[in-house]
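Trainee: what shape does this take:
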Amino acid sequence: MQRDGLTRNFAPTALVLAVALMAAACGGGTPESQPGATPPAASVEPATAPAQPAAPAADAIPVPPGDFTLLGDPRAVKGGKIVLDTNSYPTHMNFYGPDRDANTRDIYAEAMFNTLITIHKSTLEYVPELANKWEEIDGGKELIFHIDPDARWSDGQPVVANDVVATFNLMMHPKVAEVVLSGEFKNRFPTPPVAIDERTVKFVAAKPSWRNLVLIDDLFILPAHKIDPETYIDEWHWKPPVVSGAYDLGDYDTGKYVTLVRRKDFWGEGKRQFVGLYNFDTVYEKVNLEDDISFETFKKGDIDFYFVAQARRWVEETDFDKVQKGWIKKQKYVHREPQVPSQWVFNLKNPIFQDKRVRKGLHFLLNRDIVIDQIQYNLVERKDSYYQNSIYQNKENALYPFDPRKGLELLKEAGWYEKDTDGTLIKDGKRLEFDFQYIHKMAEPRYTPLQETYRKYGIKMNLRLISPSAWIKVLNSKEFDVVYMNWAPASFPEPRQLWHSSEADKEDSYNVAGFKNAQVDALIDEYDAKPSLEDRAKAIQGIDAILTEAVPYMLDYYSDNFRIMWWDKFGMPEWVTFPTIDPRYGHWQTWWYDAARAEALQKAMQSGAELPKVPVENTYWRTHGK
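Mentor: All right, here's what the predicted structure looks like:
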């Protein structure tokens, strides 16, 4: 889930800022796929690679054989450094436990640890990580994984089946207090996995489901010889004692910066699943709490990459001299990120919002059009579905255009029609007033016009800027009125965590609104049981229709492109980065430091010369890999 900012993969079981990161080999397209399509479900063992266009560089690294598309670009070279920034410092490095930090799981966990398998960020096929082969038996009721004999921890010990068992048990231990993942795994796998032998582990699910294998992608494996459930929270709080992934945690200064350092002894070096990935020797992430600070820091050259979140900035502020000379590149590239809700979330525990007519009335009075036109420069479109622009969208959904007449009628039906002396609607002596909590000051120009519109019609919305850590706490404890948040993209939607009634009253739950609906529960069960993509899409479309009628969220807007800028010292794939995720959390995994470009940039800056520019629009993913 992306909370005001993205997730490791394609189920919302890992939180953000993601938000997140992934694609096909350079020089050619990916096998045809469709977001939401079920990956091949069968015994998988890398064998002979299908024909794939070679990268144009003469120094392309050897590509091991395999039956899955490369995630990285074989032209990539190792070395160098990239400097990034983030708007929040990790609260801890515990990958399982209470108050989990989405950034920690989605950025640091993926860099430092491996799962048994992962899902290709472009083709959606299953790809090996720690397991080099696996089997699905009885429709996925039994899953057997064979761990790669080369897999090693950073202390030299082999990764074994007992590590998988110990990780599962750690996640379930009451001392660790993992809530979100433990609940999902317990629902699907009521008993712990079993080590068949040193390198073979078996999971037995409660029932057959295509989702069982997908869930394994969320289980970062930890070392059994270094985890004790009684002491894990404290001992792993800041620095993992050993890792299995391509990076280890380097220097850090609490609240200021974190570094990741590439391991020279990474066991996966040369494995097909890691070709062209994790190329930088050092990834330095500094904390910039405000986007304006990030932009100025970027322009000075103190960070290397900038994600242009503000439409106004893209239109008015990104043609300065360093861009015109080609020293800084700018590009808007089309993505295939599934369009899941960016939304205003109602806390349904609040008595005001327990009346659906109030929620619908507020939605009709949410003037998205003024924001799209005046703030977003018409670079986005209104969102009318919880599964916008996907096969899961219900085209017959109820719509909520800006309609004051209809909005006020609904509020009146709900008893909100009298006003107090300052013009705020009242009912039984209570004002129609609520707090809206958010963490990005840069977003205030979007919120204030909506606040003014609400005030005009007798609704008092108080804007409350809070810190990211405070925001996570109020969200997990459901101590809020309304919050704004983004879910991480889900190529395989996970409606159970988001919408099932069993999740509504839990803390640390992704059912943040506290939504309960028996029809939705039944459709979720149907979705989980259907092997057919078409049948699953129908089930989600049914959920979509119910949600848009019930209005647990007020939907906002969406875009089919990302806007990015970078200093011209990096190599990257033709496709820039993975098509299904936010580049803030994935581009560095596929880019590499290009010493020749860096030297050319330095000389150009000394002489004032221009460098070649890149096209402002990159539409690669509009025509490839669909």
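
Trainee: show me where pLDDT drops low in the protein?
Mentor: Low-confidence segments of the chain (pLDDT under 70): 1-62, 99-106, 336-341, 488-491, 625-626.

Trainee: in the longest helix that it contains, which residues are buried?
Mentor: Of all the elements of type helix in the chain, the one with the most residues (DSSP state H) is helix 533-550. Across helix 533-550, burial judged by 16 or more other Cβ atoms under 10 Å covers 536-548, 550. C-betas here are computed from N, CA, C, even on glycine.

Trainee: quick one, phi/psi of the nearest residue to residue 376 once chain neighbours are set aside?
Mentor: Distance criterion Cβ to Cβ, 6 or more residues apart in numbering; nearest residue to residue 376, sequence neighbours excluded, is residue 311 at 4.4 Å. Residue 311 adopts backbone torsions of phi -60, psi -40, taken as degrees, to the nearest 10.

Trainee: same thing with the one 3 residues further on?
Mentor: Its backbone dihedrals place residue 314 at phi -60, psi -40, with angles given as degrees, to the nearest 10.

Trainee: what's near enough to touch it?
Mentor: Counting by Cβ atoms under 8 Å, 6 or more residues apart in numbering, residue 314 touches 308, 332, 377, 379, 563.

Trainee: list the contacts of the last one.
Mentor: Applying Cβ under 8 Å, 6+ apart to residue 563 gives the contacts 307-309, 314, 330-332.

Trainee: doesn't it belong to a strand?
Mentor: Yes. Counting by DSSP: H, G, I helix; E, B strand; the rest coil, one finds residue 563 located in a strand.

Trainee: use 843 as the first number from now on
Mentor: Noted, 843 is the first residue going forward, which turns the last one into residue 1405.

Trainee: which outside residues touch the host helix or strand of residue 1247?
Mentor: Taking DSSP states H and E as the definition, residue 1247 sits inside helix 1246-1255. Residues outside helix 1246-1255 that contact it (Cβ under 8 Å, 6+ apart): 1199-1200, 1202-1207, 1259, 1267, 1274, 1299.

Trainee: most neighbours among the residues you listed, which one?
Mentor: residue 1203 (28 neighbours; other Cβ atoms under 10 Å).

Trainee: now that one. Nearest residue, chain neighbours left out?
Mentor: Nearest non-adjacent residue to residue 1203 (Cβ to Cβ, 6+ apart): residue 1252, at 3.6 Å.

Trainee: what about the residue of the chain most remote from its centre, which SS state?
Mentor: Distance from the C-alpha centroid of the chain, by Cα atoms, centre = their mean, peaks at residue 1263 (45.2 Å). Classification of residue 1263 using three-state DSSP returns coil.

Trainee: now do the contacts for it.
Mentor: Contacts for residue 1263 (Cβ under 8 Å, 6+ apart) come out as none.

Trainee: how close does it sit to residue 1297?
Mentor: Per Cβ to Cβ, to the nearest Å, residue 1263 is found 14 Å from residue 1297.

Trainee: show me the helices in the stretch 1093-1242 of the chain, by range?
Mentor: 1133-1142, 1153-1158, 1163-1166, 1198-1206, 1210-1212 (DSSP state H, counting those that start in this stretch).

Trainee: from the chain's centre, how far out does stretch 1439-1454 sit?
Mentor: 35 Å (Cα atoms, centre = their mean, to the nearest Å).
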